[in-house]
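Student: attaching a predicted model along with its sequence, questions to come.
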There are 2 protein chains.
Amino acid sequence: MSKNITVKNLAYLAGFLDGDGSIYVRLKPNPTYRFGFQISPCIAFFQAKKEKENFARVCALAGAGYMRERKDGIMEYVINKKDEIVDFLSQVKPFLILKRRQAELMIKIFEMKENVRDQKDFEKLAGMIDKFRELNYSKKRKRHNLTP
Amino acid sequence: MSKNITVKNLAYLAGFLDGDGSIYVRLKPNPTYRFGFQISPCIAFFQAKKEKENFARVCALAGAGYMRERKDGIMEYVINKKDEIVDFLSQVKPFLILKRRQAELMIKIFEMKENVRDQKDFEKLAGMIDKFRELNYSKKRKRHNLTP
């Protein structure tokens, strides 16, 4: 867990996340889950493979997550465990400028998720997750339809 | 001039530059210059137009340079005056992880430029400028031919 990251490193990571990173949640259809969807949160950084070594140094500052090489040769650093995400975002948030709303939304979604009791609660949560598309400015916006 | 940026803001700007920014020098053919080329240095940050307001806040931290909107709708923040570049890079360099070599190379090129006395010196300088291509991993590498 990324406890006690120094102010200097938190500010650096916030700049890196604002410049190059991504904060998002996906709803993945999964019939083994109670409401038919798995909630898949993610913080990701990207870098060309040639920078692998230095990129690993950047990622080590976060003290959580893992690095993987994509098929297209891009290195991807991913934090996708709930506790690690909440811990990381809580610390980095005060330093974020461009992605602070995404960080706040992510934390709020985790809070809401704890309190989901029925289908209606889950639909509210799905609506919150859709807001990531607006914040992240994807051109292919699609709303989730939870009642097929 | 970007004097006395706080450690927090320097670390943030270093992260942003490492993640999203660009440090480079171009040799522009220009017959009005003594050796036929103008040396055009640049530090640049990029962001989608929708983030214009927050992006301006990021750029304001540097206390130098200017923002412009490109024809493709991307906002570009550019520091291209020698004194501002040297001042900015000198402060940010200790916090850089991915682009520290580019920062060092840029500062070295300015030092060399001061001491150019003849064509041979200028060719050495041009060779240093070519190194940016290697550091920045452009796929279209071309070496400058100074004797047409």
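Tutor: Received the coordinates, thanks.
Student: what parts of chain A come near chain B?
Tutor: A:7-9, A:11-21, A:45, A:47-48, A:50-51, A:54-55, A:57-58, A:95, A:97-98, A:137 (C-beta under 8 Å from any C-beta of the partner chain). C-beta: built from backbone N, CA, C; applies to glycine.
Student: which residues touch residue A:73?
Tutor: Contacts for residue A:73 (C-beta atoms under 8 Å, 6 or more residues apart in numbering or on different chains) come out as A:48, A:49.
Student: what does residue A:121 give?
Tutor: A:112, A:115 are the contacts of residue A:121 under C-beta under 8 Å, 6+ apart.
Student: what helix or strand is it located in?
Tutor: For residue A:121, the element it lies in under DSSP states H and E is helix A:119-136.
Student: surely residue A:87 forms part of a helix?
Tutor: Yes - secondary structure of residue A:87 (DSSP: H, G, I helix; E, B strand; the rest coil): part of a helix.
Student: and it, how far from chain B?
Tutor: 19 Å (C-beta to the nearest C-beta, to the nearest Å).
Student: how many residues are close by that residue?
Tutor: Neighbourhood size, residue A:87 [other C-beta atoms under 10 Å in any protein chain shown]: 19.
Student: next one: residue A:79
Tutor: With other C-beta under 10 Å as criterion, residue A:79 counts 24.
Student: distance check, it against chain B.
Tutor: 15 Å.
Student: quick check: the spatially closest residue to that residue that is not a sequence neighbour vs chain B, distance?
Tutor: Counting by C-beta to C-beta, 6 or more residues apart in numbering or on different chains, residue A:79 lies nearest to residue A:65, which is 3.6 Å off, once chain neighbours are set aside. Distance, residue A:65 to chain B, using C-beta to the nearest C-beta: 16 Å.
Student: so who does residue A:65 touch?
Tutor: Residues counted as contacts of residue A:65 (C-beta under 8 Å, 6+ apart) are A:43, A:59, A:77, A:78, A:79, A:80, A:81, A:84, A:88.
Student: would you confirm that residue A:56 contacts residue A:67?
Tutor: Yes - Residue A:56 sits in contact with residue A:67 when judged by C-beta atoms under 8 Å, with a separation of 6.2 Å.
Student: is it true that residue A:38 lies in a strand?
Tutor: Yes - assessed with three-state DSSP, residue A:38 lies in a strand.
Student: now do the contacts for it.
Tutor: Neighbouring residues of residue A:38 by C-beta under 8 Å, 6+ apart: A:27, A:28, A:29, A:30.
Student: check residue A:103 too.
Tutor: Residue A:103 touches A:23, A:89, A:92, A:93, A:96, counting by C-beta under 8 Å, 6+ apart.
Student: outside of stretch A:107-118, which residues touch it?
Tutor: By C-beta under 8 Å, 6+ apart, stretch A:107-118 touches A:25, A:35, A:39, A:41, A:82, A:85-86, A:89-90, A:93, A:121-122, A:124-125, A:128-129.
Student: pick out the most distant pair among these.
Tutor: Spatial extent of these (C-beta to C-beta) is set by the pair A:35 and A:93 at 28.2 Å.
Student: looking at it, residue A:122 is touching residue A:27, isn't it?
Tutor: No - the criterion here is C-beta under 8 Å, and residue A:122 misses it with residue A:27 at 9.7 Å.
Student: touching both of these two, which residues are there?
Tutor: residue A:37.
Student: and residue A:116, helix, strand or coil?
Tutor: Three-state assignment for residue A:116 (three-state DSSP): coil.
Student: and it, how far from residue A:31?
Tutor: 17 Å (C-beta to C-beta, to the nearest Å).
Student: out of those two, name the residue with the larger neighbour count.
Tutor: residue A:116 (16 against 7).
Student: what's the burial count for residue A:82?
Tutor: 13.
Student: just the C-alphas of the lowest-mean-pLDDT helix or strand in chain A, formatted as CSV.
Tutor: Here the helix or strand of chain A ranked lowest by mean pLDDT, DSSP states H and E is helix A:119-136, holding a mean of 89. The C-alpha trace of helix A:119-136 is given here as CSV (Å, rounded to 0.1, in the frame of the first residue of the first chain):
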residue,chain,number,x,y,z
GLN,A,119,-31.4,-2.7,-8.4
LYS,A,120,-32.4,0.9,-8.1
ASP,A,121,-29.3,1.7,-6.0
PHE,A,122,-27.2,-0.1,-8.6
GLU,A,123,-28.7,1.9,-11.4
LYS,A,124,-27.8,5.1,-9.6
LEU,A,125,-24.3,3.8,-9.2
ALA,A,126,-24.2,3.0,-12.9
GLY,A,127,-25.3,6.5,-13.7
MET,A,128,-22.3,7.8,-11.6
ILE,A,129,-20.0,5.5,-13.6
ASP,A,130,-21.3,6.9,-16.8
LYS,A,131,-20.1,10.4,-15.7
PHE,A,132,-16.5,9.2,-16.3
ARG,A,133,-17.2,9.3,-20.0
GLU,A,134,-18.2,12.9,-19.8
LEU,A,135,-15.2,13.8,-17.7
ASN,A,136,-12.8,11.8,-19.8
